[in-house]
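Trainee: need a structure here:
(2 chains)
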Amino acid sequence: MAVEQVVMGLNGNEAVAYALKQVEPDVVAAYPITPQTIIVERFSEYVANGEVRTVFVPVESEHSAMSVCIGAEAAGARAFTATNAQGLALMWEMLYIASGCRLPIVMAVVNRALSAPINIHCDHSDSMGARDSGWIQLYCENSQEAYDSIIQAWRIGEHPEVQLPVMVCLDGFVLGHTLERVMTLPDEEVKQFVGERVFMETMNHEGRRVPYRLDPENPITIGCLDLYDFYFEHKRQQIEAMERAVKVVEEVGADYGRLSGRGYGLIEAYMTEDAEAVVVGLGSTMGTVKEVVKRLRARGLKVGAVRVRAFRPFPHDEIIDALEDIEAVGVLDRAVSFGLNGGPLYTEIKATLYELEVKPLISNYIYGLGGRDMPMHLIEPIFRDLLKNVERGRVEQPVRFVGLRGE
Amino acid sequence: MEVAKLPGWREITPAGVAFKSSLEYKTGVWGVLKPHIDQSKCRKCYLCVVYCPDGAPKVREDGSVEIDYDYCKGCGICARECPAEAIEMKEVGEVGG
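Mentor: Residues are numbered from 1 along each chain as shown, chains lettered A, B, ... in the order given. Purely as a prediction, here's the structure:
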């Protein structure tokens, strides 16, 4: 049975900060950027009030924020940061160093469009750009999930078979600044769930087995030169760690479900059994999509939704299971890849379903760039379009832009 | 070292942790130029020993200096710093490095 919980009125950013207060990591280093700022503001209040023992490092840039997290984690501490858009872009080279050094940092990315033109509102172009940086990426549907995922992220990243950094992505403003009812666990339950940090074992320069952390008693070299004779093998290790993360994301999500009554998987399939047309997507928009599904189902239309929670590692088998019998699949993308016909989620879904003998009709709907709203009246025509594709037996237009003037 | 004979990705340490001393990683093959010491000019001030970023100049028991070409990358700092102008940079082969 799930433990007793307290309902709090929190926006997504506050939910992240509150979860973080309960986890109480050793180090938080961050630089403010809209719409992430509230996370850092709230958390610095906890530090100032003495409610946490965390060392808070107010750095001069996001590049430094990630560098501090890397140093702290290498020394054996737990480290957290939060950012988005330009801040994430400024961290770029350090993202790869964090994952390449196998440091399980947790970072909240409060998704925001990348400049230029300058825009502070939500889309996924920031974190999608970092999809190949070797970080685990979880996309949240609501503030409750942001709270829950920040707690799970440590167990996922620090799992002995994984040891990779984790990005918890939540939509800027839509979740970040919107007050929601959030169920919160008791502090001690969170602490017990997260537990103590686990270290990989490695070998030092004398060939002795030692924990993977900077320790003057057992010195090791982290991040040293690694040329054509070893680099390839180390990248293969990272690939393996990410593959193992598939199982770990599920296990930790299920374990969290036993504690809280809210279980999580790699994907969430909604009314997909017997569905003819299914919309696949990420983040908060999928909450609206599910509401549209419910309403269309009430009118007798065979429709469903699949929300992808883990984008990295990509849940290949789960996507196949959920979509193999669907006739038309519409993929929502809140990001673009210039020069590629379609968004990043679309191309992944299409590649995954390619191996099926009978392939669903797949089409892409790019929406919401720079925070453009995606209300129900724009989602319903997507289902109509998919059902029309089923009738025609072919995809009329592979990529459409939803809510764009002039379309 | 032949790359194909090195241990596989499952056997090696994670994330590029050095599992051998750097003494076993011989970087002396990198250089184009190598220092050559004219022992008759050397004043044994050992500034070359201090300045070398790789610790390649070694002091012999008799107090004279020799370059360990296994680790010398040929940067030429020793030749530049030598107050006696006893070190000359020569192409690899000329000094046997």
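Trainee: all contacts plus neighbour counts: C-alpha atoms, from now on.
Mentor: Will do.
Trainee: Show the contacting residues for the residue in chain A positioned nearest to chain B.
Mentor: When Cα to the nearest Cα is the measure, chain A has its nearest residue to chain B at A:His205, with 4.1 Å between them. The neighbourhood of A:His205, defined by Cα atoms under 8 Å, 6 or more residues apart in numbering or on different chains, consists of A:Ile220, B:Ala18, B:Phe19, B:Lys20, B:Ser21.
Trainee: and if you look at A:Glu201?
Mentor: In this structure, A:Glu201 makes contact with A:Arg209, A:Val210, A:Pro211, A:Tyr212, judged by Cα under 8 Å, 6+ apart.
Trainee: again, but for A:Ile320
Mentor: Residues in contact with A:Ile320 (Cα under 8 Å, 6+ apart) are A:Thr352, A:Leu353.
Trainee: Ok, A:Ala89 next?
Mentor: When contacts are counted by Cα under 8 Å, 6+ apart, A:Ala89 touches A:Asp126.
Trainee: Spatially nearest residue to A:Gly283, not counting backbone neighbours?
Mentor: If you skip the residues right next to it in sequence, A:Gly283 has A:Glu141 as its closest partner in space, 4.5 Å away by Cα to Cα, 6 or more residues apart in numbering or on different chains.
Trainee: Give me the neighbour count for the one you found.
Mentor: 23 (other Cα atoms under 10 Å in any protein chain shown).
Trainee: you'd agree it is up against A:Thr288?
Mentor: No: A:Glu141 is not in contact with A:Thr288 according to Cα atoms under 8 Å; the separation is 9.7 Å.
Trainee: which residue packs closest to A:Lys290, ignoring adjacent ones?
Mentor: The shortest distance from A:Lys290 to any non-neighbouring residue, by Cα to Cα, 6+ apart, is to A:Ala305 (6.3 Å).
Trainee: Of the contacts of A:His205, just the buried ones, PyMOL syntax please.
Mentor: Paste this into PyMOL to select the buried members of the contacts of A:His205, with burial taken from 16 or more other Cα atoms under 10 Å in any protein chain shown:
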select buried, (chain A and resi 220) or (chain B and resi 18+19)
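Trainee: Can you tell me which of the contacts of A:His205 lies closest to A:Val280?
Mentor: Ranked by distance to A:Val280 (Cα to Cα), the contacts of A:His205 are led by B:Ala18 at 44.1 Å.
Trainee: Specify the local secondary structure of the residue nearest to A:Gly283.
Mentor: coil (DSSP: H, G, I helix; E, B strand; the rest coil).
Trainee: who's in contact with it?
Mentor: Shown here is A:Glu141, whose contacts under the criterion Cα under 8 Å, 6+ apart are A:Leu170, A:Leu282, A:Gly283, A:Ser284, A:Thr285, A:Met286, A:Gly287.
Trainee: Now list the buried members of those.
Mentor: Here, 16+ other Cα under 10 Å leaves A:Leu170, A:Leu282, A:Gly283, A:Ser284, A:Thr285, A:Met286 buried among the contacts of A:Glu141.
Trainee: Tell me the residues of the stretch 1-150 of chain A that contact chain B?
Mentor: Within the stretch 1-150 of chain A, the positions adjacent to chain B are A:Gly100, A:Cys101, A:Arg102 by Cα under 8 Å from any Cα of the partner chain.
Trainee: now that we have those residues, which one has the most neighbours?
Mentor: Ranking the residues of the stretch 1-150 of chain A next to chain B using other Cα under 10 Å puts A:Arg102 first, with 30 neighbours.
Trainee: And what about the residue of chain A closest to chain B, helix, strand or coil?
Mentor: A:His205 - assigned by three-state DSSP - is coil.
Trainee: Report the separation between A:Pro25 and A:Arg78.
Mentor: Taking Cα to Cα, to the nearest Å as the measure, A:Pro25 falls 5 Å from A:Arg78.
Trainee: And the helices in the chain?
Mentor: Here I'm looking at chain A. Counting by DSSP state H, the segments of chain A that form helices are A:12-23, A:37-48, A:62-74, A:85-90, A:92-100, A:125-129, A:143-157, A:187-194, A:231-260, A:285-298, A:316-323, A:344-353, A:376-392.
Trainee: um, chain B though
Mentor: Counting by DSSP H, the segments of chain B that form helices are B:47-51, B:77-81.
Trainee: which residues are contacting the first one?
Mentor: The list of residues contacting helix B:47-51 from outside it, by Cα under 8 Å, 6+ apart, reads B:Gly55, B:Ala56, B:Pro57, B:Lys58, B:Val59, B:Ile77, B:Cys78, B:Ala79, B:Glu81, B:Cys82.
Trainee: The third one and B:Ser64 touch, don't they?
Mentor: No: distance between B:Pro57 and B:Ser64: 10.0 Å, which falls outside the contact criterion (Cα under 8 Å).
Trainee: Those two - which one has more neighbours?
Mentor: Regarding B:Pro57 and B:Ser64, a neighbour count based on other Cα under 10 Å identifies B:Pro57 as having more, with 23 against 15.
Trainee: Please, where are all the strands along chain B?
Mentor: Counting by DSSP state E, chain B forms strands over residues B:33-37, B:57-59, B:65-67, B:87-91, given from the N-terminal end onward.
Trainee: which one of the ones you listed is the most hemmed in?
Mentor: With neighbours defined by mean count of other Cα atoms under 10 Å in any protein chain shown, none of those is more surrounded on average than strand B:33-37, at a mean of 22.
Trainee: what's the spacing between that one and its chain's center?
Mentor: Centroid separation between strand B:33-37 and its chain, computed with Cα atoms, centre = their mean, to the nearest Å, is 10 Å.
Trainee: Okay, angle between it and strand B:87-91 too, please.
Mentor: What separates the directions of strand B:33-37 and strand B:87-91 is an angle of 140 degrees, with axes from the mean of the first three to the mean of the last three Cα atoms, to 10 degrees.
Trainee: How about B:Thr27, nearest residue that isn't a chain neighbour?
Mentor: Ranked by Cα to Cα, 6+ apart and with sequence neighbours excluded, the top spatial neighbour of B:Thr27 is B:Tyr71, at 5.1 Å.
Trainee: for B:Gly63, what are its contacts?
Mentor: B:Gly63 makes contacts with B:Lys44, as judged by Cα under 8 Å, 6+ apart.
Trainee: Let me see the confidence value for it.
Mentor: According to the per-residue confidence, B:Gly63 scores 96 in pLDDT.
Trainee: What is the neighbour count of A:Val28?
Mentor: Per other Cα under 10 Å, the neighbour tally for A:Val28 reads 28.
Trainee: just for chain A, where's the confidence low?
Mentor: Per-residue confidence for chain A (pLDDT under 70) gives these ranges: A:1.
Trainee: More neighbours: A:Pro25 and A:Arg78, which one.
Mentor: Relative neighbour count places A:Arg78 above the other of A:Pro25 and A:Arg78, with 25 against 19, counting by other Cα under 10 Å.
Trainee: Is it correct that that one is in contact with A:Val198?
Mentor: No: in terms of Cα under 8 Å, A:Arg78 does not count as a neighbour of A:Val198; the distance is 10.4 Å.
Trainee: So what's the residue count around B:Lys44?
Mentor: Using other Cα under 10 Å, B:Lys44 is surrounded by 15 other residues.
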